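Undergrad: no sequence for this one, just the structure:
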């Protein structure tokens with residue numbers, strides 16, 4: 001089979017489809033990226049053109065091909081305890097929490113990728129929240145990609161992925177499996193986390209209750225969305241946060257003029273007001 005070339009017309013079809021279903025706004029310069037990421041799948045399915053793949057995508061009622069496309073297009077770059085200044089803020093926050101009579105905490109990791117973020121949260125809270133065992137802590141971890149969610153649910157990571165974890169935490173919360181040369185996270189921490197597939201753009205927000213989360217993490221996601229999509233998402237997060245709840249975003253992101261209802265706490269952290 002000759003090398004597949006994505007025509008401008010075909011690229012436009014995928015641009016609109018990806019924007020409508022994932023909220024990702026692909027600029028004209030992304031044509032070669034889309035071609036590179038989809039070509040292998042097109043050949044794998046025995047198709048002869050990107051248009052043929054687009055038609056299959058649109059006619060797939062099972063949702064399986066959309067899930068595959070999501071995995072190909074979305075960028076799943078993450079690591080344990082990234083954004084150091086945000087964890088410094090959480091140390092102070094956990095000390096304040098410890099003084100409160102209510103012992104319930106709800107957190108949403110809204111683009112959890114392969115799970116490093118929610119597992120970092122579980123380790124952090126178990127370490128820094130006084131008498132954490134007395135707390136009712138639940139972390140919802142969602143992602144649009146079923147492929148990365150499947151990996152996250154195993155709680156198993158390579159030595160390279162765990163290289164940035166404090167050795168004390170690595171020894172406390174992970175078991176080394178020599179057969180696979182990987183680290184598996186403690187089952188007690190896994191029990192704090194519920195993994196679910198969820199699309200931040202097209203998902204049914206009626207599934208959530210108003211004011212149900214104390215903290216929402218949505219880091220390095222909105223940079224892929226256009227302004228209207230970002231604004232809608234921030235409004236939804238505002239509704240779902242408790243009074244004075246916190247929204248954590250990526251260090252390359254900012255709410256700027258979308259800040260209605262939030263005040264900046266520094267380090268890409270915003271508090272609901």
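TA: Thanks, I have the structure now. What you are looking at is a predicted structure, and each value in this text was computed from that prediction instead of being measured.
Undergrad: where along the stretch 1-150 of the chain do the helices fall?
TA: 8-22, 31-44, 50-59, 64-73, 84-98, 116-128, 146-154 (DSSP state H, counting those that start in this stretch).
Undergrad: tell me the most buried of those?
TA: Of the helices of the stretch 1-150 of the chain, the one with the most neighbours on average (mean count of other CB atoms under 10 Å) is helix 116-128, at a mean of 22. All C-beta spots, glycine's among them, are computed from the backbone N, C-alpha and C.
Undergrad: residue 218 against residue 107, yeah?
TA: No - contact criterion CB atoms under 8 Å: residue 218 and residue 107 do not qualify, at 11.6 Å.
Undergrad: so for those two, which sits in the more crowded spot?
TA: Neighbour totals were compared for residue 218 and residue 107, and residue 107 leads with 25 against 19 (other CB atoms under 10 Å).
Undergrad: how much space between that one and residue 75?
TA: 23 Å (CB to CB, to the nearest Å).
Undergrad: what does residue 271 give?
TA: Using CB to CB, we find residue 271 at a distance of 28 Å from residue 75.
Undergrad: compare neighbour counts for those two and give me the winner.
TA: Higher neighbour count among residue 271 and residue 75: residue 271, with 15 against 11, using other CB under 10 Å.
Undergrad: for the closest residue to residue 85 other than its chain neighbours, what are its contacts?
TA: The shortest distance from residue 85 to any non-neighbouring residue, by CB to CB, 6 or more residues apart in numbering, is to residue 267 (3.8 Å). Applying CB atoms under 8 Å, 6 or more residues apart in numbering, we find residue 267 in contact with 83, 85-86, 88-89, 251.
Undergrad: nearest to residue 13 among those?
TA: Distance to residue 13, by CB to CB, is smallest for residue 251 among the contacts of residue 267, at 34.0 Å.
Undergrad: show me what contacts that closest one?
TA: So residue 251 contacts 83, 267-268 (CB under 8 Å, 6+ apart).
Undergrad: just residue 157 next, same as before
TA: So residue 157 contacts 116, 174, 182-183, 185 (CB under 8 Å, 6+ apart).
Undergrad: next, give me the two most distant ones among these.
TA: 116 and 182 (13.8 Å).
Undergrad: so where's the stretch 51-200 of the chain uncertain?
TA: Scanning the stretch 51-200 of the chain for pLDDT under 70 picks out 76.
Undergrad: bridged to the residue lying closest to residue 216 once chain neighbours are set aside, which residues?
TA: Spatially, and ignoring its direct neighbours in sequence, residue 216 is nearest to residue 108 (4.7 Å; CB to CB, 6+ apart). Beta-bridge pairing of residue 108 under DSSP bridges involves residue 140, residue 216.
Undergrad: burial measure for residue 108, as a count.
TA: Neighbourhood size, residue 108 [other CB under 10 Å]: 25.
Undergrad: repeat that for residue 236.
TA: So residue 236, with other CB under 10 Å, has 16 neighbours.
Undergrad: any idea which helix or strand carries it?
TA: In the assignment (DSSP states H and E), residue 236 maps to helix 227-240.
Undergrad: list of residues touching that helix?
TA: Residues outside helix 227-240 that contact it (CB under 8 Å, 6+ apart): 23, 25, 108, 110, 200-201, 205, 208-213, 216, 218, 222, 225, 247, 255, 258, 261-262, 272.
Undergrad: of the helices of the stretch 1-150 of the chain, which is nearest residue 162?
TA: helix 116-128 (9.4 Å).
Undergrad: before we move on, back to that, for the contacts of residue 267, give me CSV that also has distance to residue 166.
TA: Output for these, formatted as CSV (distance: CB to CB, whole Å):
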residue, distance to residue 166
83, 16
85, 17
86, 16
88, 14
89, 18
251, 21
